[in-house]
Structures are given as structure tokens and as C-alpha cells.
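Participant: turn this into a structure:
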Amino acid sequence: MKEIRTFSQEETIELGRKLGSFLQKGDIVCITGELGTGKTILTKGIAKALDIDEPITSPTFTIVNEYEEGTIPFYHFDVYRISDPEEMYEIGFEEYLYGDGTVVIEWADLIKDLLPYENIWITIKKDLAQGIDARVIQIEFNGERYSEYEKKLMAGEEKRQ
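Facilitator: Predicted structure coming up:
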């Protein structure tokens, strides 16, 4: 697991952009954290890396926003309002997971039992002792599919520091 700290929305977006720069079709990014921790901000950075120009908003009421105009299809889920994880099957969730795009799921912990083991699991926490926009972002790369991703992400981080 890697732990990265950001101190502004711009830095959180930049981290998302770095991660998004090497994401591929079929990748699954799971983001967890309390309300207001920056899940959608990180997702905006991922979308930028995929050349998506549309505004990225959290699909809290629609559950999923689809973006087809980028370099690869991008499917942004917010499952905060899901009362029963089985509801995900009603919207064709598996087709997204195993389809031709990249999937980002906010509040992924609410449907953890439905997710494949191989994923990128991100937990975001506020660090108010360091400032209102300070975040601690923990990233786990789970499974063989993502074995090289951590090196790619950290190569970018080492250059920055």
C-alpha cells in the first residue's frame, strides 16, 4: 500500500491525473472515504488523463455517468444511495466491470462483495491538522493485473518530491 499526501484540490486532481495516465480498458478503481474527502476531486483528475472534457460530477442520484468521448470509455459510479448491493445487477453493473472502459466507483466499500479481487483500492481521509484541504490518500494495487501500476505511480511521485 502506498500513502500519498495532498494539500490542495489541485494536488488531488494531479494525483488522479497521474493514476489515470496509465489506466487501461477493464481497470477498476474503487474509492472510499467519508463525505467531503475528495473522491470526486480525485476522479476529475483520472478523467482529465483520459481526455474527457465534460464536467465530472458525482452521479449520486443516477448511480453512473458514462463518458465515451475520451481515449477510452469512462464509467463513473457513485453507490452512496444503494440500499441493497444487489441493485447493482439491475443496472448492468457487470457489463461495466468487464466491458471496454475504465470504471471508477465512489463509496466502493458499500458494494465490496460484488467487486473482483483485482482492483485499485483508494481510501481518502482528511488531515485537518495539516489544513482544510490536506488529505491522506492510501492506494492499494490488488492483483497481478496491477502489479506494475504502483511503480508507475511512484515514479511520478519521486520526480515531484
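
Participant: helices of this structure, residue ranges please.
Facilitator: 9-20, 39-49, 87-90, 93-97, 149-160 (DSSP state H).

Participant: so which of those helices is the most surrounded?
Facilitator: Across those, averaging neighbours per residue (mean count of other CB atoms under 10 Å) puts helix 39-49 on top, at a mean of 23. In short, each C-beta sits where N, CA and C put it, glycine included.

Participant: quick one: that one to helix 9-20, angle?
Facilitator: Angle of helix 39-49 versus helix 9-20, following axes from the mean of the first three to the mean of the last three CA atoms, to 10 degrees, is 50 degrees.

Participant: related to what we said a few turns ago, closest one to residue 133 among the helices of the chain?
Facilitator: In terms of CB to CB, the element of the helices of the chain nearest to residue 133 is helix 9-20, at 6.1 Å.

Participant: now render the helices of the chain as CSV, adding mean pLDDT.
Facilitator: Converted to CSV, the helices of the chain look like this (pLDDT from 0 to 100):
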stretch, mean pLDDT
helix 9-20, 97
helix 39-49, 97
helix 87-90, 89
helix 93-97, 94
helix 149-160, 71
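
Participant: residue 31: which of those helices is closest?
Facilitator: Counting by CB to CB, residue 31 lies closest to helix 39-49 out of these; the figure is 4.6 Å.

Participant: quick one: contacts of that closest one?
Facilitator: The contact list for helix 39-49 (CB atoms under 8 Å, 6 or more residues apart in numbering) reads 9, 12-21, 23, 29, 31-33, 54, 56-58, 67, 70, 74, 76, 78, 102, 104, 106-107, 122, 124, 137.

Participant: looking at the helices of the chain, which is nearest to residue 131?
Facilitator: Across the helices of the chain, closest to residue 131 is helix 9-20 (CB to CB), at 11.3 Å.

Participant: what comes into contact with that closest one?
Facilitator: 4, 6, 29, 38, 41-50, 102, 120, 133, 135, 137, 139, 153, 156-157.

Participant: ok, stretch 71-89 next?
Facilitator: Contacts for stretch 71-89 (CB under 8 Å, 6+ apart): 23-25, 40, 43, 46-47, 50-52, 56, 58-61, 63-68, 96, 99-108, 110-111, 113-114.

Participant: in ChimeraX, how would I select the buried members of those?
Facilitator: Buried subset of the contacts of stretch 71-89, written as a ChimeraX selection, criterion 16 or more other CB atoms under 10 Å:
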select :23,40,43,46,47,50,52,56,58,59,63,64,65,67,96,101,102,103,104,105,106,107,108,110,111,114
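
Participant: can you give me the strands for this structure?
Facilitator: With DSSP state E, the ranges of strands along the chain come out as 2-6, 28-32, 64-67, 74-78, 102-106, 119-126, 135-142.

Participant: many thanks, we can stop here.
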